[in-house]
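Peer 1: Below are the sequence and a predicted model for it; my questions follow.
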Amino acid sequence: MNWLRKIQLTAILLLVTLTLALAGRATNPDAVLGVWKNGEGTGMVQIYKKGDKYFGRIVWLKVPNNPDGTPRTDVNNPDESKRKVPLKGLENMRGFSYSGDNKWESGSIYDPKNGSDYSCEMTLVDENTLEVRGFIGVSLFGRTDVWKRQISKKK
């Protein structure tokens, strides 16, 4: 085999390898859709899509009611007018954009335990594991919770 033929063959193999590697990294932006249980097991959030952004709402609570039997509400919300809003159905994740490589960024997450909003990003580790990182300022100063898929969105 002459040297030109060897170079052509090497270039073709390199191109095929690169294409396969990139194809393996390509992901579905909607792969995050579905119902996820938080790391503590105290709640489930349904992640859904509006336009090209991703949002989440609380769809299940381990303790859905107060001791008197009434539904739990957002009692820690800093806005007094929202303290009677039921936690079940509350949109607590907003405005995520898919950034590639199984990451959704530039969103925010609301923690009803303390009534605080945090910047947030999500990373799909595998089909059934989602790392949700809430932070103030930069991602370095935050906390990651590992969520497990309960129900996926079927297409």
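Peer 2: Arrived safely, thanks for sending. Numbering: from 1, shown residues only.

Peer 1: tell me the contacts of Q46?
Peer 2: Residues near Q46 by CB atoms under 8 Å, 6 or more residues apart in numbering: G34, V35, W36, G56, R57, V59. C-beta here means a position set from N, CA and C on the backbone, and glycine is covered the same way.

Peer 1: now, which of the residues you listed lie within strands?
Peer 2: Of those, the ones assigned to strands by DSSP state E are G34, V35, W36, G56, R57, V59.

Peer 1: Which strand residues bridge the second one?
Peer 2: Following DSSP bridges, V35 is listed with bridge partners Q46, I151.

Peer 1: what's the neighbour count on it?
Peer 2: Around V35 there are 18 other residues, counting by other CB atoms under 10 Å.

Peer 1: And the pLDDT at it?
Peer 2: The per-residue pLDDT reported for V35 equals 98.

Peer 1: so how far is R143 from it?
Peer 2: To R143, V35 is 22 Å away according to CB to CB, to the nearest Å.

Peer 1: same thing with the fifth one?
Peer 2: Taking CB to CB as the measure, R57 falls 21 Å from R143.

Peer 1: Check the third one too.
Peer 2: Taking CB to CB as the measure, W36 falls 16 Å from R143.

Peer 1: More neighbours: which of those two?
Peer 2: The neighbour count for W36 versus R143, taken as other CB under 10 Å, is higher for W36 (26 against 11).
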